[in-house]
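J.: what's the 3D shape of this:
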Amino acid sequence: MPTVAEQLRRAREEQNLNIYQIAEITKIKTDHIRALEEGSYDTFSAPVYIRGFVRTYAKALKLDISRVTADLEGELSKTKRFCEPPPLTQKPRTIVDFLTLQLSKLNWRILAGAIVGILLIAGLGIWLRSCHSRAKKDPLRKLGPGIYQPKQDGETLPVPPPSAPRRN
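T.: Model prediction:
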């Protein structure tokens, strides 16, 4: 029984396509296509990439996708690195990892609404307090008499002499 790598390479050669044409059709890097055709799955960081690339590659070559993916699962189960799925939860390693994990669990729509509501209530309280304090305080209340003291004869402002030249 041929391996998945052999199936992919044989189907590509039967359709007279080169690696660059397949890369253009599938939008998969040529290095990844070569790795798939060689069966060197260790170049991929996770099995999800292998499964996705093989599915895309088989679809582009019009192969039976369910058969190819079943063959791929059989091959991956025999490898030491990809025989079992990675753990879904990992212990956070640093404080940044822990904080990022906790922030990803938050429902941001509810949190954003609560923050906006709190800011609106705080702004309204500050505005009402400033209006209340502004209405109570008269800044001229404790102001004493000014420097200018009017004369007793009723004149309040000095009048310039009539012979003074006017400036324009």
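J.: Please parse the chain into its domains.
T.: 4-78, 95-136 (automatic domain parsing).
J.: want to try TSV for the ones you listed, with mean pLDDT, mean neighbour count and distance to residue 143 as columns?
T.: For glycine as for every other residue, the C-beta is placed from the backbone atoms N, C-alpha and C. Formatted as TSV, the domains of the chain follow (pLDDT from 0 to 100; neighbours: other Cβ atoms under 10 Å; distance: least, Cβ to Cβ, whole Å):
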stretch	mean pLDDT	mean neighbour count	distance to residue 143
domain 4-78	91	15	77
domain 95-136	86	10	17
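J.: Let me have those in CSV, extended by distance to residue 142.
T.: Listed next are those as CSV, based on distance: least, Cβ to Cβ, whole Å:
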stretch, distance to residue 142
domain 4-78, 76
domain 95-136, 14
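J.: Enumerate every residue touching the residue nearest to residue 59 when sequence neighbours are not counted.
T.: Closest residue to residue 59 apart from its sequence neighbours, by Cβ to Cβ, 6 or more residues apart in numbering: residue 65 at 5.9 Å. By Cβ atoms under 8 Å, 6 or more residues apart in numbering, residue 65 lies in contact with 55, 58-59.
J.: Export those as JSON lines, with columns for secondary structure and distance to residue 132.
T.: Putting the contacts of residue 65 into JSON lines (DSSP: H, G, I helix; E, B strand; the rest coil; distance: Cβ to Cβ, whole Å) gives the following:
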{"residue": "55", "secondary structure": "helix", "distance to residue 132": "68"}
{"residue": "58", "secondary structure": "helix", "distance to residue 132": "74"}
{"residue": "59", "secondary structure": "helix", "distance to residue 132": "70"}
